[in-house]
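**Q** Here's my sequence, what's the structure:
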Amino acid sequence: MTKTICKILILLFFISCSDNNTSDTDPNPTQAMYFPPLTGNTWETTSISDLKWNQSAVKPLLDYLELKNSKSFIVLVNGRIVLENYFNGHSTSTNWYWASAGKTLTSTMTGIAQQEGLLNINNKVSQYIGAGWTSETLAKENLITCKHLLTMTSGLDDSTDEVDPASLIYKADAGSRWAYHNIYVKLQDVVAAAGNQTWGTYFNTKLRDKIGMNGTWVQLGVNSVYTSTTRSMARFGLLMLNKGKWENNTILNETYFSEATTTSQNINLGYGYLWWLNGKANYHLPQSQFTFPGSIIPTAPNDMFMALGKNDQKIYVVPSKNMVIIRMGEAADDVNLALSDFDETLWKKISALYQ
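**A** From the prediction side, this is the model:
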């Protein structure tokens, strides 16, 4: 009997050791989510060695980022900074433009306005900004809802980036065609009208100041482009990693967050509400009606959702790894698309950190 008990205790000891070893090699150990203070420069860090990551993979990653015209790069795990690097004269206090990555700010603000009862995304756009905002017939214009703008399915002609009524021409019925278009900026007019205040005031009050971001909206042609520090971009990514909550404060409700970060229509499976979605069966790209098979970035985690902007402005959010990654800078290559093979190569070097 005593021998049997000893054998059981020995077995339990080895099982315990085995479990501990598994935990030690976990590339992303479970840790409470951290949120930096709303003011000041304090931000907790965690080291490569604490995470049991591969230190030898850091230099090739940073060398590649510098080679590819990057200005800044941040990796957060559980809200803590793992890597924070600046290149070519950039610093923690330098503002840079988000380009189309800022579409996700517009998506978020639309959700906030809806949860406050100011609008309903299923209502037609003209209910908020009046009829005649396009050159379509009234019947066709009235088919276009706020949700169609969120999902890039307005049906408007995408051959121009202009958003004045003369340029907004019928191409297909709303909901029947996916096409990347600047028309999403009309949502900023919708939110401003519904809230009876300027877009900038509503944005600052309901989002920027609540999570400690800096930054301003700058008008560049037809686009309203956001500029901020890299850490402010990381704060927004952290908010979205935490499903719209900042600590215990709900900034964006989880229902809308879930809708925004899952497939929003059946044409482009890789698109939510102005968020790009990795790991889907197929996807579309801007200025194309072709369906590409497979994941947008095959080298990246399948559950990742992304804000992608011109000249390779990036917010990558990876829920399975409690990870947020930010890249700001000039275009990585001569081609200035929001998505390029830069993403694939970059993710091979990122994943080398923890694999």
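
**Q** Against Tyr34, how distant is Lys280?
**A** Note on Lys280: its distance to Tyr34, by C-beta to C-beta, to the nearest Å, is 30 Å. In short, each C-beta sits where N, CA and C put it, glycine included.

**Q** what's the answer for Leu252, then?
**A** 19 Å.

**Q** Compare the two (neighbour count), which wins?
**A** Between Leu252 and Tyr34, Leu252 has the larger neighbour count (other C-beta atoms under 10 Å), namely 24 against 17.

**Q** does Ser176 really touch Leu156, like I thought?
**A** No. Under the criterion of C-beta atoms under 8 Å, Ser176 makes no contact with Leu156, lying 11.7 Å away.

**Q** Look at those two and report which has more neighbours.
**A** The residue with more neighbours, out of Ser176 and Leu156, is Leu156; 29 against 12, by other C-beta under 10 Å.

**Q** and the more buried one, what is it in contact with?
**A** Listed by C-beta atoms under 8 Å, 6 or more residues apart in numbering, the contact set of Leu156 reads 134, 136, 144, 168-171, 179, 181, 183.

**Q** tell me the strands in this protein, going along the chain?
**A** With DSSP state E as the criterion, the chain has strands at 70-77, 80-86, 96-97, 216-220, 223-228, 245-246, 249-250, 276-277, 282-283, 292-293, 305-309, 313-318, 323-329.

**Q** Mean neighbour count added to these, as JSON lines?
**A** As requested, these are exported to JSON lines (neighbours: other C-beta atoms under 10 Å):
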{"stretch": "strand 70-77", "mean neighbour count": "24"}
{"stretch": "strand 80-86", "mean neighbour count": "19"}
{"stretch": "strand 96-97", "mean neighbour count": "20"}
{"stretch": "strand 216-220", "mean neighbour count": "13"}
{"stretch": "strand 223-228", "mean neighbour count": "21"}
{"stretch": "strand 245-246", "mean neighbour count": "18"}
{"stretch": "strand 249-250", "mean neighbour count": "12"}
{"stretch": "strand 276-277", "mean neighbour count": "25"}
{"stretch": "strand 282-283", "mean neighbour count": "19"}
{"stretch": "strand 292-293", "mean neighbour count": "10"}
{"stretch": "strand 305-309", "mean neighbour count": "24"}
{"stretch": "strand 313-318", "mean neighbour count": "25"}
{"stretch": "strand 323-329", "mean neighbour count": "25"}
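
**Q** Rebuild those as JSON lines, extending it with mean pLDDT.
**A** As requested, the strands of the chain are exported to JSON lines (pLDDT from 0 to 100):
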{"stretch": "strand 70-77", "mean pLDDT": "98"}
{"stretch": "strand 80-86", "mean pLDDT": "98"}
{"stretch": "strand 96-97", "mean pLDDT": "98"}
{"stretch": "strand 216-220", "mean pLDDT": "91"}
{"stretch": "strand 223-228", "mean pLDDT": "92"}
{"stretch": "strand 245-246", "mean pLDDT": "98"}
{"stretch": "strand 249-250", "mean pLDDT": "98"}
{"stretch": "strand 276-277", "mean pLDDT": "98"}
{"stretch": "strand 282-283", "mean pLDDT": "96"}
{"stretch": "strand 292-293", "mean pLDDT": "96"}
{"stretch": "strand 305-309", "mean pLDDT": "97"}
{"stretch": "strand 313-318", "mean pLDDT": "98"}
{"stretch": "strand 323-329", "mean pLDDT": "98"}
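
**Q** Of all those strands, which one is nearest Thr108?
**A** Ranking the strands of the chain by proximity to Thr108 (C-beta to C-beta) places strand 305-309 first, at 10.2 Å.

**Q** That closest one pairs with which strands, and in what direction?
**A** Applying DSSP bridges to the sheet, strand 305-309 is found paired with strand 276-277 (antiparallel), strand 313-318 (antiparallel).

**Q** Pipe these into TSV and attach distance to Ala352 per row.
**A** Converted to TSV, the strands paired with strand 305-309 look like this (distance: least, C-beta to C-beta, whole Å):
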stretch	distance to Ala352
strand 276-277	23
strand 313-318	15
